[in-house]
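here is the input, now give the coordinates:
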Amino acid sequence: MLLLTVCALIAVALIFDYINGFHDAANSIATVVSTRVLTPGKAVIWAAFFNFVAAFTFGTAVAKTVGAGMIDITLVTFTVIFGGLAGAIIWDLITWYYGLPTSSSHALIGGYAGAAVAKSGFAAIVPAGWTKTLIFIFLSPLIGLAIALVIMTGILWIFRWTPPSRVDRGFRRAQLVSAAFFSLNHGANDAQKTMGIIASVLFAAGYIETFDIPFWVVLMAHAAIGLGTLAGGWRIIHTMGSKITKLQPVGGFAAETSAAISLFIATQLGVPVSTTHAITGAIVGVGATRRLSAVRWGVAGQIVWAWILTIPAAFGIGAGAYYLLSLTGAR
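Sure, this is the predicted structure:
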């Protein structure tokens, strides 16, 4: 019975990872699709490949933060884990349906926290892990925006005498590299969150004595997010790729590179951040180099409100899922 429960929870975690992939596929490919450097089909294959390759290039610091650095692991039960995953999955599907590029990462930590608090109260929260994560909610889009402003301004100055057609051709090739770099960092940060949840399942079941991430878990998490990216998230791609600001290949290159650097910094620090926040901030930064009116601030404002609501909404859904399960006698 224990083995069956563990397998079921791992399956649910991988379903979340898959949903995370198609929900956040827009982050990886919206810019390269909107600039017509790649067709949507080729773009998802490109992004999914680098989502998976990230399994061999980064550590597991983010996974350890999610699994044991934000919630007291000694208070975690199977029901808490399931409630947390339910909160994240339901919120992701709601925001996907309405085309809102919200954070799967914050949905997961919000749902997980909601279920843990429903079981044990706020004593279940580990303040240190939440502090750095909440700080990066604000920092990651600002870092992406600032770097995008610098890169885009530098490109415009360096190539100010170059014919636009030559710049366009050159950055069409360069954007393939920047899209790969972003997808690599997207996979590195996002897949690790599911690894942390699966490791929590294994720890709660007694299959691992210390909170470490087995390599087979790493491979499964990256495979799931890669397959999800292949499924695409076309509603959100439209919002990210064209509704915030119109992009050319040079702008797509600057946005992807900037967001990737922001994600790389967070991953090295073991912080679970939002790829959505990073790329949106970078796209806004690129648009602002032309003129402030080039950014559709109304759309950006709707996205920000969705960000603000994500953790509380997923928290509530996760807590509700835990309470419903506890009525059946599960703890």
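
please enumerate the strands of this protein.
With DSSP state E, there are no strands along the chain.

and the pLDDT for the residue of it most remote from its centre?
Here the chain reaches farthest from its C-alpha mean at residue 161, the gap being 38.1 Å by C-alpha atoms, centre = their mean. Here the pLDDT value assigned to residue 161 is 90.

wait, residue 284 sits on residue 147?
No - between residue 284 and residue 147 there is no contact under C-beta atoms under 8 Å: 12.0 Å. In short, each C-beta sits where N, CA and C put it, glycine included.

do you know how far the residue farthest from the centre of the chain is from residue 254?
Look at residue 161 and residue 254: by C-beta to C-beta, to the nearest Å, they are 19 Å apart.

and for residue 53?
From residue 53 over to residue 254 (counting by C-beta to C-beta), the distance is 23 Å.

more neighbours, those two?
A count of neighbours by other C-beta atoms under 10 Å puts residue 254 above the other of residue 53 and residue 254, at 32 against 16.

dump the residue contacts of the more buried one.
148, 151, 152, 155, 282, 285, 286 (C-beta atoms under 8 Å, 6 or more residues apart in numbering).

cool, and residue 316?
Going by C-beta under 8 Å, 6+ apart, residue 316 touches 87, 114.

show the pLDDT at it.
Listed pLDDT for residue 316 reads 96.

okay, now the closest residue to residue 84 other than its chain neighbours: neighbour count?
In space, and not counting its chain neighbours, residue 84 is closest to residue 112: 3.3 Å by C-beta to C-beta, 6 or more residues apart in numbering. Neighbour count of residue 112, defined by other C-beta under 10 Å: 30.

got a pLDDT number for the residue lying closest to residue 213 once chain neighbours are set aside?
Nearest residue to residue 213 in three dimensions, chain neighbours excluded: residue 60, at 4.3 Å (C-beta to C-beta, 6+ apart). Residue 60 is assigned 89 on the pLDDT scale.

next: residue 294.
In this model, residue 294 is scored at 49, pLDDT.

again, but for residue 44
Here the pLDDT value assigned to residue 44 is 81.

what's the neighbour count on it?
With other C-beta under 10 Å as criterion, residue 44 counts 28.

that one and residue 229 touch, don't they?
Yes - at 5.8 Å, residue 44 counts as touching residue 229 under the criterion of C-beta under 8 Å.

if we can go back for a sec, farthest-apart pair in the contacts of residue 254, please.
Comparing every pair within the contacts of residue 254 by C-beta to C-beta identifies 155 and 282 as the most remote, at 13.5 Å.

when the two are compared, which one has more neighbours?
Shown here are residue 155 and residue 282; by other C-beta under 10 Å, residue 282 has more neighbours (34 against 19).

wait, what's in contact with that one?
Residues near residue 282 by C-beta under 8 Å, 6+ apart: 144, 145, 147, 148, 254, 255, 256, 258, 259, 262.

next: residue 321.
Residue 321 is in contact with 82, 83, 86, 87, 90, 111, 115, counting by C-beta under 8 Å, 6+ apart.

how much space is there between it and residue 151?
Residue 321 sits 42 Å away from residue 151, going by C-beta to C-beta.

repeat for residue 194
On the measure of C-beta to C-beta, residue 194 and residue 151 end up 31 Å apart.

so which of these two has more stuff around it?
Between residue 194 and residue 151, residue 194 has the larger neighbour count (other C-beta under 10 Å), namely 32 against 23.

check contacts around the more buried one.
Residue 194 sits in contact with 13, 14, 16, 17, 20, 221, 224, 225, where contact means C-beta under 8 Å, 6+ apart.

again, 7 Å this time
By C-beta atoms under 7 Å, 6 or more residues apart in numbering, residue 194 lies in contact with 13, 14, 16, 17, 221, 224.

low-confidence ranges in the stretch 51-200 of the chain?
Applying pLDDT under 70 to the stretch 51-200 of the chain picks out residues 100-101.

whoops, I mixed them up, the stretch 201-331 of the chain
232-247, 291-307, 329-331.

and if we set it to 90?
Within the stretch 201-331 of the chain, the stretches with pLDDT under 90 are 204, 209-212, 228-252, 255, 272-310, 325-331.

residues in contact with residue 157?
Applying C-beta under 7 Å, 6+ apart, no residues qualify as near residue 157.

from residue 170, how far out is it?
From residue 157 to residue 170 the distance is 16 Å (C-beta to C-beta).

residue 147 too?
As judged by C-beta to C-beta, residue 147 and residue 170 stand 20 Å apart.

more neighbours, the two?
Neighbour comparison, residue 147 and residue 170: the larger count goes to residue 147, with 23 against 15 (by other C-beta under 10 Å).

test my guess that the more buried one contacts residue 258.
Yes - if you go by C-beta atoms under 7 Å, residue 147 and residue 258 touch, sitting 3.8 Å apart.
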